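> Generate a structure from the sequence data that follows.
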Amino acid sequence: MIILKITNAPEVVASKLGKFLESLTPDLLDQAAVENELIKQLVINLKAEGVKGELAAVAGLDLNDGKVEVHEGLKVRKHQQF
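Okay, here's the model as predicted:
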């Protein structure tokens with residue numbers, strides 16, 4: 001299993017949409033948008049390499065100092081099989 005933590009979602013959104021539009025969106029929305037686009041692109045690339053599996057964006061799970069932390073309200077926000 002691979003865990004990927006995106007730590008610069010607001011900056012990514014700002015670089016794509018511009019600082020003004022980024023300032024109008026909450027960070028949680030930025031995080032979800034970046035995760036959704038990343039999942040889309042990863043699925044495309046992994047399928048092209050013949051890899052089969054599943055990807056999920058999970059709310060309530062965090063990676064801090066090499067430890068996985070599970071928070072209350074853990075849920076799968078987005079799931080895709082490929």
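> Please make it C-alpha for all contacts and neighbour counts, starting now.
Noted.
> Spatially central residue for this structure, please.
Centroid-nearest residue in the chain, with C-alpha atoms, centre = their mean: Glu35, separated by 2.5 Å.
> Check which helices and strands whichever strand or helix holds it sits against.
Assigned by DSSP states H and E, Glu35 belongs to helix 27-48. Helix 27-48 is packed against helix 9-17, strand 54-64, with contacts defined by 3 or more C-alpha pairs under 8 Å, 6 or more residues apart in numbering; DSSP states H and E.
> JSON lines please, covering these and showing distance to His71.
Shown next, in JSON lines, are those (distance: least, C-alpha to C-alpha, whole Å):
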{"stretch": "helix 9-17", "distance to His71": "20"}
{"stretch": "strand 54-64", "distance to His71": "5"}
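> Out of the ones you listed, flag the one nearest Val43.
strand 54-64 (7.9 Å; C-alpha to C-alpha).
> Let's see the following helix or strand past the closest one as PDB, backbone CA atoms only.
Next in sequence after strand 54-64, counting helices and strands by DSSP H and E, comes strand 67-81. Provided in PDB are the C-alpha atoms of strand 67-81 (Å, rounded to 0.1, in the frame of the first residue of the first chain):
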ATOM      1  CA  LYS A  67       3.400   7.500  11.500                       C
ATOM      2  CA  VAL A  68      -0.100   7.000  10.100                       C
ATOM      3  CA  GLU A  69      -2.800   8.600  12.300                       C
ATOM      4  CA  VAL A  70      -6.400   7.700  12.100                       C
ATOM      5  CA  HIS A  71      -8.900  10.400  13.200                       C
ATOM      6  CA  GLU A  72     -12.500  10.300  14.100                       C
ATOM      7  CA  GLY A  73     -14.800  10.300  11.100                       C
ATOM      8  CA  LEU A  74     -12.500   8.200   8.800                       C
ATOM      9  CA  LYS A  75     -14.100   7.800   5.400                       C
ATOM     10  CA  VAL A  76     -13.200   7.100   1.800                       C
ATOM     11  CA  ARG A  77     -13.900  10.400   0.000                       C
ATOM     12  CA  LYS A  78     -13.200   9.000  -3.500                       C
ATOM     13  CA  HIS A  79     -12.400   5.500  -4.700                       C
ATOM     14  CA  GLN A  80     -11.500   4.200  -8.200                       C
ATOM     15  CA  GLN A  81     -10.500   0.800  -9.500                       C
END
